[in-house]
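Enquirer: below is the structure, and that's it, no one-letter string:
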């Protein structure tokens, strides 16, 4: 019999799904909790809402307490972390304590562990590895093909089920896909799914975008939610339907409305980024690209080369961080630097023109600025950046941006890179019309 975990928000007495992440390293900030994010996305694909995530350290009493609390308000608990052979792997025994349950050895699991590790019985007789073989009597085992620590599916009390997974992401994902997904779908899903499509914007702030789409932000199905990253804004459109195709059809008119109203600002969707979009466009045109970087110190080049296939478009760059390199490799006249300063429209423009000629490319982007935190002045403050784009038919575009002195060095460099890529994207967009 299926347990309906959907539409929980309509009934204050109803129960839902929770995620519990276990590990002191999460609380200390030593690692980022990517597992909770991944599980959330998987639950969404199953059409299940979840309304709470918790994190607890490697402390048996605290784990037991929080699991007991969750059992009073949820139907399904998914835990990650704390399964393994080390002394701080306390998840299974702590969960059992929450319900005063005993643990029993599963001999076949012990045999499997020895086989995986190719150890003899003598070497493992007193091994702490044995703790991974103990589970409550009526627990169903979740096989772990990528590690030694199995998980379990256990219903300690009527109406409350626990699924446990190791914290190693590759083990969690494999176990989920082989066992948990179908189990949850069969026992908890109401055969609806959530499907999301994310549109990505550049050149517009989250607040400005939100003001223009207030009507869309009030929708119930699909829902539209904005998320801001440094230098870009994402709009996630999520629909709930019986099938993926039906969900896509619900999303389609909203997506078309946004694409019509914000064609200049939408640069891609889902996994797209400015670099990948730019590479695709240049590939279509069979054109090449080079850079002359100063204040970004190679970050612009790195953003392009992080994309597979970039070598078909990107020819190279000159990191002209010092005035000496600007003069010797880019042939920038010393008098020009002395008169206008290295951070100037005049120098940036000659950098772009000369690097395009020197590296024999269709397009060139140059950038020079003050990334801080020092080096600024009244007339050239920290955050000031000059960008020049040189292209076919003696095309020149000069851009002046001030990203503000309150941002840190990496933020200014990252925003500068985004501005470079988006500016060329807009030039190519205008040329295609």
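Expert: That came through fine. Predicted, not measured: the structure shown is a model, and the values here were computed from it. Numbers count the residues shown, from 1 in each chain.

Enquirer: thought residue 131 was touching residue 110, still the case?
Expert: No: here residue 110 lies out of contact with residue 131, judged by C-beta atoms under 8 Å, at a distance of 10.5 Å. C-beta: built from backbone N, CA, C; applies to glycine.

Enquirer: isn't there a strand covering residue 76?
Expert: Yes: going by DSSP: H, G, I helix; E, B strand; the rest coil, the assignment for residue 76 places it inside a strand.

Enquirer: show me what it is bridged to.
Expert: Using DSSP bridges, the beta-bridge partners of residue 76 come out as residue 17, residue 161.

Enquirer: do the one 4 residues further on as well
Expert: On the basis of DSSP bridges, residue 80 takes part in beta bridges with residue 21, residue 165.

Enquirer: burial check on the closest residue to residue 117 other than its chain neighbours, number of neighbours?
Expert: Closest residue to residue 117 apart from its sequence neighbours, by C-beta to C-beta, 6 or more residues apart in numbering: residue 148 at 7.0 Å. As a burial measure, the neighbour count of residue 148 was computed by other C-beta atoms under 10 Å and equals 19.

Enquirer: residue contacts, residue 148?
Expert: 84, 85, 113, 116, 117, 129, 132 (C-beta atoms under 8 Å, 6 or more residues apart in numbering).

Enquirer: which residue ranges form the helices in the stretch 151-300 of the chain?
Expert: When secondary structure is read from DSSP state H, counting those that start in this stretch, the stretch 151-300 of the chain shows helices at 169-175, 181-187, 206-212, 214-217, 244-261, 274-285, 299-305.

Enquirer: ok now the fourth one, how far from the chain's centre?
Expert: What separates the centre of helix 214-217 from the centre of its chain is 25 Å, taken as C-alpha atoms, centre = their mean, to the nearest Å.

Enquirer: buried set for that helix?
Expert: Of the residues in helix 214-217, those buried by neighbour count under the rule 16 or more other C-beta atoms under 10 Å are residue 216.

Enquirer: what about residue 392, distance to residue 295?
Expert: As defined by C-beta to C-beta, to the nearest Å, residue 392 lies at a distance of 26 Å from residue 295.

Enquirer: now do residue 137
Expert: 65 Å.

Enquirer: higher neighbour count, these two?
Expert: A count of neighbours by other C-beta under 10 Å puts residue 295 above the other of residue 137 and residue 295, at 23 against 9.

Enquirer: neighbours around residue 166, how many?
Expert: When counting by other C-beta under 10 Å, one arrives at 27 neighbours for residue 166.

Enquirer: okay, it: pLDDT?
Expert: Among the per-residue scores, residue 166 shows a pLDDT of 96.

Enquirer: hmm, back to that, got CSV for the helices of the stretch 151-300 of the chain, with mean pLDDT and distance to residue 58 too?
Expert: Compiled in CSV, these are given as follows (pLDDT from 0 to 100; distance: least, C-beta to C-beta, whole Å):
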stretch, mean pLDDT, distance to residue 58
helix 169-175, 95, 17
helix 181-187, 92, 26
helix 206-212, 94, 38
helix 214-217, 94, 41
helix 244-261, 96, 39
helix 274-285, 97, 40
helix 299-305, 97, 37
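
Enquirer: ranking the contacts of residue 148 by neighbours, who comes first?
Expert: When the contacts of residue 148 are compared by neighbour count (other C-beta under 10 Å), residue 132 ends up highest, at 24 neighbours.

Enquirer: correct me, but that one touches residue 149?
Expert: Yes: using C-beta under 8 Å, residue 132 and residue 149 qualify as a contacting pair, with a distance of 4.9 Å.

Enquirer: touching both of those two, which residues are there?
Expert: Listed as contacting both residue 132 and residue 149 by C-beta under 8 Å, 6+ apart are 83, 84, 85.

Enquirer: for residue 246, state which of those is nearest.
Expert: Sorting the shared contacts of residue 132 and residue 149 by how near they are to residue 246, with C-beta to C-beta, puts residue 83 at the top with 37.7 Å.

Enquirer: since we're on residue 111, how many residues are nearby?
Expert: With neighbours defined by other C-beta under 10 Å, the count for residue 111 comes to 12.

Enquirer: dump the residue contacts of residue 375.
Expert: With the criterion set at C-beta under 8 Å, 6+ apart, residue 375 makes contact with residue 382.

Enquirer: in a strand, it, correct?
Expert: No: looking at residue 375 with three-state DSSP, it is coil, so not inside a strand.

Enquirer: quick one: buried residues of stretch 304-315?
Expert: Neighbour-count burial for stretch 304-315, with 16+ other C-beta under 10 Å as criterion, is recorded at 304, 307, 310, 313, 314, 315.

Enquirer: I'd like the next helix or strand past the helix or strand of the chain with the lowest mean pLDDT.
Expert: The helix or strand of the chain with the poorest confidence is helix 121-124; it has a mean of 54 (mean pLDDT, DSSP states H and E). Using DSSP states H and E, the helix or strand that follows helix 121-124 towards the C-terminus is strand 134-136.

Enquirer: partners of that next one in the sheet?
Expert: Each strand pairing with strand 134-136, determined using DSSP bridges, is listed with its direction: strand 103-105 (antiparallel).

Enquirer: which elements pack onto whichever helix or strand comes after the strand it pairs with?
Expert: The helix or strand immediately downstream of strand 103-105 is helix 107-117, counting by DSSP H and E. Contact partners of helix 107-117 among helices and strands, from 3 or more C-beta pairs under 8 Å, 6 or more residues apart in numbering; DSSP states H and E: helix 121-124.

Enquirer: what residue of this protein is the furthest out?
Expert: Each residue of the chain has a distance to the centre, and by C-alpha atoms, centre = their mean the biggest one is for residue 335: 46.3 Å.
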